[in-house]
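[1] Predicted model, plus sequence, below.
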Amino acid sequence: QFNLKMSCWAPGLSQLESEVELNSTQDVIQEGASSELDLEEAYQELEAMKQRVLQMKSKIVRTFPTEPDTDQVPSDSDNVNLRGIQMETSRGFQQIEAVRSRLKKTTEELGAVAARMEESMRCTEKLAKQLDEVPKWIDELKHQVGVCLERHNELETTYCTDFDYSNHMRPFLMNL
C-alpha cells in the first residue's frame with residue numbers, strides 16, 4: 001500500500017491549495033473490491049478535481065490581447081514575482097506585435113519596390129533595344145547622304161543652274 005503525498009507549488013498559490021494526495025492503484029482496486037464503487041461519486045470527485053485544475057491554471061496562465069496599443073496587464077495575482085512576470089510577458093507580447101506590424105509594412109514596401117524595379121528593368125530593356133538600332137540607323141543615314149550627294153553632283157554636271165542659264169541667255173535676249 002502506497003500513500004504518496006505530492007506537493008506542487010506555483011507562484012500565486014498557497015501551500016494548502018497545491019497539496020494533492022495520491023493513492024496507489026492497488027488501494028483503489030482493493031477499495032473497489034471490498035466495497036462497491038459509487039461511479040457517480042467518483043465522477044463528481046473527478047469533475048471537482050478537473051475544475052480545481054482549471055482554476056489553478058487560470059491563476060498561472062494568462063492570455064494577453066494582441067493589440068499593441070493596450071496597456072492592460074492582468075494584475076490579479078497576489079504574488080509580486082508572478083505579477084512582474086505577467087507584466088514582462090505582456091510587454092513581450094506588445095513588442096512582438098510591434099515587430100510583426102513593422103514586418104508587414106516592410107514586406108508591403110518591398111513588394112512595391114520590387115514592382116518598380118521590374119518596370120524599370122522593362123524600360124531599360126526597351127531602351128537597350130532602341131540603342132542597338134542607332135548604329136544601323138547611322139549606317140543607313142550615311143548611305144542616304146551618299147546617295148543624295150551623288151544625285152546632286154549628277155544634277156550639277158548635267159543641268160545648268162539658273163545663274164548659268166541667265167549668263168548664257170543674256171546675250172541672246174539683248175539682241176532681240
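    Sure thing, it's come through. None of these values were measured; they are calculated from a predicted model.
[2] Every contact and neighbour count from this point should use C-alpha atoms.
    Fine.
[3] what's downstream of the helix or strand that Asn81 is a member of, the next helix or strand?
    Per DSSP states H and E, Asn81 falls inside helix 80-158. Next helix or strand after helix 80-158 toward the C-terminus (DSSP H and E): helix 162-175.
[4] any idea of the mean pLDDT in that next one?
    Regarding helix 162-175, the rounded mean pLDDT is 82.
[5] Against which helices or strands is that helix packed?
    Of the remaining helices and strands, none touches helix 162-175 by 3 or more Cα pairs under 8 Å, 6 or more residues apart in numbering; DSSP states H and E.
[6] which helices and strands does the helix holding Asn81 pack with?
    Partner elements for helix 80-158 (3+ Cα pairs under 8 Å, 6+ apart): none found.
[7] From Ile85, how far off is Lys105?
    30 Å (Cα to Cα, to the nearest Å).
[8] got it, and Leu127?
    On the measure of Cα to Cα, Leu127 and Ile85 end up 62 Å apart.
[9] And stretch 43-63, what's buried?
    By neighbour count on 16 or more other Cα atoms under 10 Å, the buried set for stretch 43-63 is 56, 59.
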